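# Predicted model, plus sequence, below.
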Amino acid sequence: MSIVQKIPCTIVTGFLGAGKTTLVRHVVENAGGRRLAILVNEFGDVGFDKSFLAACGIEGCTEDSIVELPNGCICCTVADDFVPALNALLDRPEPPEHILIETSGLALPKPLVQAFQWPAIRSRVTVDGVVAVVDGPAVASGAFAEDPAALAAQRAQDQSVDHDNPLEEVFEDQLLCADLVVLNKSDLLDAAARAQVRAEVERQLPRAVKVVETEQGRIDPRVLLGLGAAAEDDLDARPSHHGEGEDHDHDDFETVAIPVRTAITAGDLAARVEKAAETAGVMRIKGFAAVEGKPMRLVVQGVGRRISHHFDRPWRGTEPRDGTLVVIGLKGFDRDAVAAALAG
């Protein structure tokens, strides 16, 4: 079967909080009637991204078109989770015309691209392109730069630490595999900072790759879909910190889901999230909550110490209004301190 006959898949990668889900949602909202399906992966056993995507309320963005793979990074669960889920989509009476695969923020894209060589799916799908979403302000702040003092402190606590900054390692692997880089949140940077971030990103790229600046993931779907990279046949051009067959785990990171009570106001909860985000090692906070007197569900997003919130849709009649926030951080972050901050 030729590449033209294969169903194209776009892998959307990028570190925690870069804006992958927002970008995917924008693509779905502007797909122009194209029949899309989404495979979304969560680091942890509580899903957020599927619910956020399904809340868009537009044609083609339904519960059935979104498949969630929770509790682990997709790059580590290819045989058990990814391939069966992909085959289930392909076996539908009306299979999708294009599949978007949103990886966990901690996933390495190359093992996922390699999976497209598996006999069970090789003749049916192709990797149309790997899109790396980059958090511009995070790069500008040095979040992915090596910190010798912090690394030395981590090694002092855990003698098994024998690698570089784990954030830097994941971030670089995502760039090294990319066919397109989306420099997101560019509106939060001035001209000098944008130039600095673009230069840093281009320095990491092993080959000529287009870099596109965006705000809130707003990009023409035609820029992302139809790259025709056939990335599974181009693995040698995509170096990685992890060699083929080398074990890859996420022992440097951990996640916890914390229930949160109904907030008096949205600002009240945002203040509690901001305090929780100050806990050492916390990298990402995301989830939903209820606000007194409000019929809408509150979405809360925290990336580092940048907190945002908005109401996305009405609570459904039978839907429990239980607020839950998912917190992802470096191994050993103080869960009790985070829970206490969120409790207020």
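Arrived safely.
# Spatially, which residue comes closest to the residue nearest the centre of the chain, not counting chain neighbours?
Nearest to the geometric centre of the chain sits Gly105, at 4.0 Å (C-alpha atoms, centre = their mean). The shortest distance from Gly105 to any residue other than its chain neighbours is 3.5 Å, reached at Leu16 (C-beta to C-beta, 6 or more residues apart in numbering). Using the backbone N, CA and C atoms, a C-beta is placed for each residue, glycine as well.
# surely the one you found meets Lys286?
No. Proximity of Leu16 to Lys286 does not meet the contact threshold set by C-beta atoms under 8 Å, at 9.1 Å.
# what about the residue nearest to Gly105, which SS state?
For Leu16, the reduced secondary structure class is coil; criterion used: DSSP: H, G, I helix; E, B strand; the rest coil.
# got any ranges where the stretch 151-300 of the chain has weak pLDDT?
Regions of the stretch 151-300 of the chain meeting the criterion pLDDT under 70 cover residues 151-165, 242-250.
# those helices in it, which residues are they?
When secondary structure is read from DSSP state H, counting those that start in this stretch, the stretch 151-300 of the chain shows helices at 166-176, 191-204, 221-224, 266-277.
# I'd like the ones you listed as CSV, with mean neighbour count and distance to Lys185 appended.
What follows is the helices of the stretch 151-300 of the chain, written out as CSV (neighbours: other C-beta atoms under 10 Å; distance: least, C-beta to C-beta, whole Å):
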stretch, mean neighbour count, distance to Lys185
helix 166-176, 22, 15
helix 191-204, 15, 10
helix 221-224, 17, 17
helix 266-277, 19, 17
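# export the ones you listed to a markdown table and tack on distance to Ser141?
Supplementary listing: the helices of the stretch 151-300 of the chain in a markdown table, determined by distance: least, C-beta to C-beta, whole Å:
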| stretch | distance to Ser141 |
| --- | --- |
| helix 166-176 | 12 |
| helix 191-204 | 10 |
| helix 221-224 | 26 |
| helix 266-277 | 14 |
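# Between those, which one is closest to Asp128.
Using C-beta to C-beta as the criterion, the shortest distance between Asp128 and the helices of the stretch 151-300 of the chain is 8.8 Å, found for helix 221-224.
# ok now do Gly19, which residues does it touch?
Contacts were defined as C-beta atoms under 8 Å, 6 or more residues apart in numbering; by that measure Gly19 touches 133, 135, 182, 184-185, 216-217.
# try 6 Å
For Gly19, the residues meeting the contact criterion (C-beta atoms under 6 Å, 6 or more residues apart in numbering) are 133, 184, 217.
# mind listing which of those residues are in strands?
Using DSSP state E, the subset of the contacts of Gly19 located in strands is 133, 184.
# Can you select the buried ones from the contacts of Gly19 in PyMOL?
Paste this into PyMOL to select the buried members of the contacts of Gly19, with burial taken from 16 or more other C-beta atoms under 10 Å:
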select buried, resi 133+184+217
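# closest to Gln5 among the contacts of Gly19?
Gln5 lies nearest to Val133 out of those, by C-beta to C-beta, at 29.0 Å.
# would you say Arg313 is within a strand?
Yes. Looking at Arg313 with three-state DSSP, it is inside a strand.
# excluding its backbone neighbours, what's nearest Phe311?
Among residues not flanking Phe311 along the chain, Met296 sits closest, at 3.6 Å (C-beta to C-beta, 6+ apart).
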